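Student: sharing a sequence plus its predicted fold:
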Amino acid sequence: MESNIITEIFLPLALAIIMFGMGLSLTLGDFQRIFKAPKAVLLGLVAQLIILPLIGFTLMHFWELQPAYAVGIILLSACPGGATSNLFAYLGKCDTALSISLTAISSLVTIVSIPFIVNFALELHMGEGQYVKLPILQTIAQIMVITVIPVGIGMFLYSKKPKLAQVANKPVKIASTVLIIVIILGAILKDKENVIPAFQETGLPALTLNIVSLLLGFLVARLFGLAFKQASTISIEAGIQNGTLAIAIAASSTLLNNSDIAIAPAVYSILMFFTGGLASYIYGKKNKKSIRF
């Protein structure tokens with residue numbers, strides 16, 4: 001019963017608060033950015049929506065993991081960036097507006113793409129009858145309720161009461177960070193007897209997904225001629241995924257209802273604080289020099 005309360009009430013509520021906090025700094029102009037700076041946005045979306053899942057599938061093709069852990073890695077690769085990626089982009093003096101735009105747009109697109117990618121991963125790694133297939137329309141509806149609607153409410157508040165939104169922004173961000181930590185710890189403690197073996201098995205592949213995504217996001221952006229500031233932003237957006245959403249999808253009794261699939265996203269969410277922090281520090285030193293006089 002206690003685990004049901006955590007996964008069915010607390011987890012979706014926490015994710016909704018996190019997404020509401022993201023909406024407090026979003027405007028419709030952030031979504032219109034794709035028309036104003038299409039190259040950077042399109043490259044960022046390609047890195048996040050196409051390259052990242054391909055990395056996830058490729059890694060799991062060559063890496064011998066338990067099927068549920070492999071699906072967890074691929075689920076992560078299918079998720080959008082989250083509020084944490086925006087935070088790291090800000091700390092790294094990257095193009096924060098681009099970061100927020102990419103997070104917002106990818107959050108909309110992945111509502112539809114996640115069920116298809118995850119169902120394919122389930123068929124690939126778990127035998128027939130060994131998994132619960134994600135119901136497409138129900139999954140889309142549930143992700144909308146815990147992501148898009150809270151973001152929309154935050155945006156509405158920001159447009160109508162900008163001063164109130166600015167005042168609320170900082171405490172909501174602090175609360176979001178605390179909630180992310182609580183969710184990660186909750187996902188791990190729920191299956192605490194298997195934490196160390198799970199960390200040993202999923203830690204390296206999760207870290208590899210994280211680092212390869214950070215590097216490829218940056219390299220693809222530079223290869224197509226983007227400035228360092230935009231390339232570093234795309235790197236962080238591709239490399240820092242919404243692990244909280246992945247945990248919610250894996251743990252929900254109306255979706256995958258599989259705590260083993262939630263392990264890899266939980267481990268990843270711990271590791272990304274270290275790699276994301278290091279990336280933002282490195283990018284911050286370079287971007288600081290490029291700030292206009």
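Tutor: Sure thing, it's come through. Numbers count the residues shown, from 1 in each chain.

Student: from what I can see Asn287 touches Tyr90, true?
Tutor: No: the pair Asn287 / Tyr90 is not scored as a contact, 10.9 Å apart, by CB atoms under 8 Å. Where you see a C-beta, it was placed from the backbone N, CA and C, and this is true even at glycine.

Student: more neighbours: which of the two?
Tutor: Using other CB atoms under 10 Å, the more surrounded residue of Asn287 and Tyr90 is Asn287, with 20 against 16.

Student: burial check on the residue nearest to that one when sequence neighbours are not counted, number of neighbours?
Tutor: Once flanking residues are discounted, Asn287 sits nearest to Lys93: 3.8 Å by CB to CB, 6 or more residues apart in numbering. Neighbour count of Lys93, defined by other CB under 10 Å: 20.

Student: which residues touch Lys93?
Tutor: 229, 283-284, 287-288, 291 (CB atoms under 8 Å, 6 or more residues apart in numbering).

Student: 6 Å - rerun?
Tutor: 284, 287-288 (CB atoms under 6 Å, 6 or more residues apart in numbering).

Student: distance of it from Asn258?
Tutor: 39 Å (CB to CB, to the nearest Å).

Student: okay, and which of the contacts of Lys93 map to helices?
Tutor: Of these, the ones assigned to helices by DSSP state H are 284, 287-288.

Student: can I get those in TSV with pLDDT and distance to Gly44?
Tutor: As requested, the ones in helices among the contacts of Lys93 are arranged in TSV below (pLDDT from 0 to 100; distance: CB to CB, whole Å):
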residue	pLDDT	distance to Gly44
Gly284	90	19
Asn287	83	16
Lys288	75	22
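
Student: make TSV from the residues you listed and add distance to Ile73 to it.
Tutor: Shown next, in TSV, are the ones in helices among the contacts of Lys93 (distance: CB to CB, whole Å):
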residue	distance to Ile73
Gly284	29
Asn287	30
Lys288	34
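
Student: from those residues, pick the one nearest Asn169.
Tutor: For the ones in helices among the contacts of Lys93, the residue nearest Asn169 by CB to CB is Gly284; the value is 21.1 Å.

Student: contacts only, for that closest one.
Tutor: By CB under 6 Å, 6+ apart, the contact set of Gly284 is 92-93.

Student: please redo it, this time with the cut-off set to 7 Å
Tutor: Shown in contact with Gly284 (CB atoms under 7 Å, 6 or more residues apart in numbering): 91-93.

Student: can you show me the strands along the chain?
Tutor: In the chain, no strands are defined using DSSP state E.

Student: go ahead and flag the most central residue of it.
Tutor: Centroid check for the chain by CA atoms, centre = their mean gives Asn242 as the closest residue, at 1.8 Å.
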